[in-house]
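Undergrad: I'll drop the sequence and a predicted model, then ask my questions.
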Amino acid sequence: MSVEVVMPQMGESITEGTVSKWLKSVGEHVGKDEPILEISTDKVDAEVPSPGEGVLLEIRHNEGDTVEVGTVVAVIGAEGEQPVQNGPSEPHIWMDKSGDNALTEKTDPATGDNIPTPEIIADAVAEAPVQETPAPAAAGDATEVVMPQMGESITEGTVSKWLKSVGDKIDKDEPILEISTDKVDAEVPSPAAGTLLEIKANEGETVEVGAVVALVGAEGSVGAASAQPAAPAEKTVVEAAKTAAPAVPTPVAAPVPVANGNGDSSVEDLRRTKSSPLVRNIAKEHGIDISRIPGSGVSGRVTKKDILSFIETGAALRPEDLLQKAPAARPATAPAAKTEYVPAPVAAAVGDRVEKMSVMRKKISEHMTFSKQTSAHVTSVYEVDMTNIARFRKKNQADFQARYGTKLTYMPFIFQGVTNAIRQFPIVNAQVDGENIIYKGDINLGMAVALDWGLIVPVIKRADTLSLSGLALAANDLADRARAKKLNPDEVTGGTFTITNPGVFGGLYGTPIINQPQVAILCVGTIEKRAKVMTTPDGEDYIAIRHMAYFALTYDHRIVDGADAEKFLSTLKEFLETAEFGY
């Protein structure tokens, strides 16, 4: 039975994708989960794995075609099997290369078969009955275990570990597998009691939210068949004609698309402008005519690398801009193209250990690199006397432990100081949206928690509404559950300001990277006894032993001025050194 390859949903707001490159040709054998094509959206470029093993029977959309999410782009099946047409597919229209763009009766160069022209299509429409798409098959007795939505912006997850094997008995809500996303590691409970009948995603495999990863049911149950995307109820003129007209095999060679309203455009221009949504968005943002760019992609299409290089070299400026910028007495010359830096490959030597990056590690890498490229990072450092807090803790920690059942650490005091300072300087609790600054109404404090396998940032929601004891309970609970992989998705999203504490390891201070889309992050250094010069009320100097720490604020200099950052730190310092605390 043939299996359809569909354009995947690559994000919550993504409705279409462009076929940027076919990695396999018709007739080639394909393994399950083997990359079969590359797609491009306005958010991401990605490879699409094959949903099954077999031979690539049919390619329905060529390189450069932009199609809606859920559209069938290829068919996989057994050798010699005929592809099943489950729904109408967009036909390939060929252009006569004789000099004009008018279509007459054509011949498929690959097969010699006639291809229906617009006249044939028009004649067929009147006789073509509109057929309803059959409903998907009813589900079987088994219950599907699906990849859960682990956060508003999460579109996929990786199966990091199976806790059960096929044939094992499972109770309802018993953990069945562990998953990993770029936000959180978590256990997935079984939706029903029964036997684990089938595992559909192996350890290390990344699948989309909502994808079935396992089946649970009574021993011998039949699993539910996955429903294919429904075809539209109404057919267009071209689709109706395809039903009535003789079947036309899909050509292997990429056809030249016909662009409506562009009768005077050259084939090369049409190919360039049929670039991916990502490239078109970049062009729109910079006011660039894509047809001006020499494309290095398939059939001369402009790739992301082409347009970024075009912008980087200064060629994106309009001719009149170049004339204005060039000295009047000197002829304008094109700037030399910059050489893109490519890191040298690293070879493993004897004794080296090579380990694949985990999903969390890769996402942290991407997130940190993106942040450095986005925000103008500046760091200011203040020294804070924590003796006031140290004395309060020593006096009250036993009572606090007995009353609330948790430790009284330095962090709740720092959280209170931060929320107090943010209320006076809300710019550090803001976010950037294009040319707008969004001042966040809630103060949601992210607290970085170091794990054996990476770093996670659970969030204390509306931290300014909590007492000292409330902050201590929330922080200790989140940290404990982060290490046990028990966090909920909404507990790692929505942060407006982040605090990291490398001081627990002995570090004096650090210059952390901003946690996007936030604009500031506070780094707390180790709290240690140091000799300090103090002054009596009478003006006499003396040396005393004090509990001291360095506080470093990294901020986005695009919107946070140095004066605001300094005032924020000064206010925080004064609060921590002089406040009268209570819990």
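TA: Everything's here; your move.
Undergrad: May I have the phi/psi pair for Glu187?
TA: phi -90, psi 150 (degrees, to the nearest 10).
Undergrad: tally of neighbours for it?
TA: 16 (other Cβ atoms under 10 Å). For glycine as for every other residue, the C-beta is placed from the backbone atoms N, C-alpha and C.
Undergrad: Then Tyr509?
TA: 19.
Undergrad: before we move on, which element is it in?
TA: Following DSSP states H and E, there is no helix or strand that holds Tyr509.
Undergrad: Next, work out how far apart it and Cys523 are.
TA: To Cys523, Tyr509 is 6 Å away according to Cβ to Cβ, to the nearest Å.
Undergrad: Could you name every residue contacting both of the two?
TA: Both Tyr509 and Cys523 are in contact with Phe551, Ala552, where contact means Cβ atoms under 8 Å, 6 or more residues apart in numbering.
Undergrad: mind listing what the nearest residue to Lys305 once chain neighbours are set aside touches?
TA: What sits nearest to Lys305 in space, not counting adjacent residues and going by Cβ to Cβ, 6 or more residues apart in numbering, is Ser296, at 7.3 Å. By Cβ under 8 Å, 6+ apart, the contact list for Ser296 reads Thr303, Lys305, Asp306.
Undergrad: do Met7 as well
TA: Glu16, Gly17, Ile39, Val67, Glu68, Val69, Gly70, Thr71, Val73.
Undergrad: The same query, at a cut-off of 7 Å, please.
TA: Met7 is in contact with Gly17, Ile39, Val67, Glu68, Val69, Gly70, Thr71, Val73, counting by Cβ atoms under 7 Å, 6 or more residues apart in numbering.
Undergrad: And for Val213?
TA: Val145, Val146, Met147, Val159, Leu177, Lys200, Ala201, Val207.
Undergrad: State whether it is indeed within a strand.
TA: Yes - using DSSP: H, G, I helix; E, B strand; the rest coil, the assignment for Val213 is a strand.
Undergrad: which non-adjacent residue is nearest it?
TA: Nearest to Val213 is Ala201, by Cβ to Cβ, 6+ apart, at 4.3 Å.
Undergrad: could you measure that neighbour against Glu144, distance?
TA: Distance from Ala201 to Glu144, by Cβ to Cβ: 12 Å.
Undergrad: which strands and helices sit next to the top strand by length along the chain?
TA: Determined from DSSP state E, the single longest strand within the chain is strand 541-556. With contacts taken as 3 or more Cβ pairs under 7 Å, 6 or more residues apart in numbering; DSSP states H and E, strand 541-556 sits against strand 377-385, helix 387-404, strand 520-524, strand 528-535, helix 562-578.
Undergrad: Could you list every helix and strand that the shortest one packs against?
TA: For strand 520-524, the helices and strands in contact under the criterion 3+ Cβ pairs under 7 Å, 6+ apart are strand 497-500, strand 541-556.
Undergrad: The first one pairs with which strands, parallel or anti?
TA: Taking DSSP bridges as the criterion, strand 497-500 pairs within the sheet with strand 445-447 (parallel), strand 520-524 (parallel).
Undergrad: And the average pLDDT for it is what?
TA: Mean per-residue pLDDT for strand 497-500: 96.
Undergrad: Buried ones in that strand, by neighbour count?
TA: Phe497, Thr498, Ile499, Thr500 (16 or more other Cβ atoms under 10 Å).
Undergrad: Okay, and the beta partners of Val216?
TA: Counting by DSSP bridges, the residues bridging with Val216 are Thr143, Leu196.
Undergrad: Tell me how far the closest residue to Gln424 other than its chain neighbours lies from Val166.
TA: Excluding its sequence neighbours, the residue lying closest to Gln424 (Cβ to Cβ, 6+ apart) is Thr571, at 5.7 Å. Distance, Thr571 to Val166, using Cβ to Cβ: 59 Å.
Undergrad: Compare those two (neighbour count), which wins?
TA: Counted by other Cβ under 10 Å, Thr571 and Val166 do not tie: Thr571 has more neighbours, with 18 against 12.
Undergrad: Adding distance to Ala474, write the helices and strands packed on strand 520-524 out as CSV.
TA: Formatted as CSV, those follow (distance: least, Cβ to Cβ, whole Å):
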stretch, distance to Ala474
strand 497-500, 13
strand 541-556, 21
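Undergrad: hmm, back to that, can you count the residues close to the residue nearest to Val213?
TA: Using other Cβ under 10 Å, Ala201 has 21 other residues around it.
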